[in-house]
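Undergrad: Starting from these lines, generate the structure:
(one chain, ligands or ions: 1)
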Amino acid sequence: MKTSLTRKPSWLRRPLPQGPVFSRTAALLRDLRLNTVCAGAGCPNRMECYSRGVAAFLILGRVCTRNCAFCDIAHGRPEAVDPEEPGRLAKAAAALGLRHVVVTSVSRDDLPGGGAGHFAATLAALRRTLPLATRETLVPDFGGDPGSLATVLAAAPHVLNHNLETVPELYARIRPQAVYDRSLELLGRVKKSPDAPLAKSGLMLGLGETPAQIRRVLSDLANVGCDIVTMGQYLAPSSNHAPVARYAPPEEFAAWAEHGQALGIKHMHCAPLVRSSYNAALFVEEKNRGELF
Ligand code: SF4
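TA: Predicted coordinates:
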């Protein structure tokens, strides 16, 4: 049966919980002047995650120096870096009682090191304030600078995530300022680093990629030793963004999960509404219990 692209299929529709925890989470983030990718990127899971007191922090401002065709974050001239942000973020993470903290950023090609120092300062603040929580960073490609990646790795994240987002054939249209091989190389460098954290990456389906192209990306990720891969349905934030080429059904995501695991990727988290930080605590908890790796 052909699915109409103007109407979302049933598997992407669900009840939206909203209650006191949602409001408390939103108020805390507002009071501490913190940004989240949940709000900034218009994530479809925001109601659910905020209602569980979970959010993925977006550091280094709300304006990105790049202009990807899938992303809802504003682009243009970014704000000045706020040196107090790491402390406020750690305070919010503690107030929310997070056991696993996800920190991401806009791309800051204007800053020396691409803002890696601010990531490191944020990780350090989290270590001081919440020493028992695990830390996940979802980093930009830092223009391929190994020194920037080393700065983040030296601050000891438990998970280093860098999303490939889509297949290389679509980079020119979807991620015009990114380079597929550069992103892949970053993930490979993570696994070769001393005390390597878990390496994680993510892909969206529904941008026009073919099954053969997805197979190639999964095999590239397996070859660089990526531990965790997330796959979710691309949803166009507006008519100015890349259009949705198709809606992949849940069983297709399940098949990709099996395929990735068969290639040796230890954890495949694949479902239409999966986003790279969705239920991110789960994998680290499973790992700590020895159930995952
Ligand atoms: S899935 Fe991630 S980005 Fe989306 S609302 Fe949840 S924590 Fe935020």
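
Undergrad: List the buried residues in the helix or strand encompassing residue 183.
TA: Following DSSP states H and E, one finds residue 183 within helix 180-192. For helix 180-192, burial by neighbour count (16 or more other C-beta atoms under 10 Å) applies to 180, 183, 184, 185, 186, 187, 188, 189, 190. For every residue, glycine as well, the C-beta is placed using N, CA and C.

Undergrad: same question, stretch 137-147
TA: Neighbour counts using 16+ other C-beta under 10 Å place 137, 138, 139, 140, 141, 142, 144, 145 of stretch 137-147 among the buried residues.

Undergrad: How about the residues of the stretch 151-293 of the chain by the ligand?
TA: Near the ligand, the residues belonging to the stretch 151-293 of the chain are 275, 277, 278 when assessed by C-beta under 6 Å from any ligand atom.

Undergrad: Using a markdown table, please lay out the residues you listed together with distance to residue 78 and neighbour count.
TA: Supplementary listing: these in a markdown table, determined by distance: C-beta to C-beta, whole Å; neighbours: other C-beta atoms under 10 Å:
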| residue | distance to residue 78 | neighbour count |
| --- | --- | --- |
| 275 | 23 | 23 |
| 277 | 21 | 27 |
| 278 | 26 | 22 |
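
Undergrad: And residue 134, its phi and psi?
TA: Geometry field for residue 134 lists phi and psi as phi -90, psi 150, criterion degrees, to the nearest 10.

Undergrad: That one against residue 284, yeah?
TA: Yes. At 4.5 Å, residue 134 counts as touching residue 284 under the criterion of C-beta atoms under 8 Å.

Undergrad: Mind listing the shared neighbours of the two?
TA: Common contacts of residue 134 and residue 284, defined by C-beta atoms under 8 Å, 6 or more residues apart in numbering, comprise 100, 158, 159.

Undergrad: ok, of those, which one's closest to the ligand?
TA: residue 100 (10.4 Å; C-beta to the nearest ligand atom).

Undergrad: mind listing what's buried in the least confident helix or strand in the chain by mean pLDDT?
TA: When the helices and strands of the chain are compared on mean pLDDT, DSSP states H and E, helix 280-288 comes out lowest with a mean of 77. Neighbour counts using 16+ other C-beta under 10 Å place 280, 281, 283, 284, 287 of helix 280-288 among the buried residues.

Undergrad: Can you name the residue of the stretch 101-250 of the chain nearest to the ligand?
TA: For the stretch 101-250 of the chain, C-beta to the nearest ligand atom, closest residue to the ligand: residue 102, 6.5 Å.

Undergrad: what's that residue in contact with, if anything?
TA: Contacts of residue 102 were listed using C-beta under 8 Å, 6+ apart, and they are 56, 57, 136, 137, 138, 277, 280.
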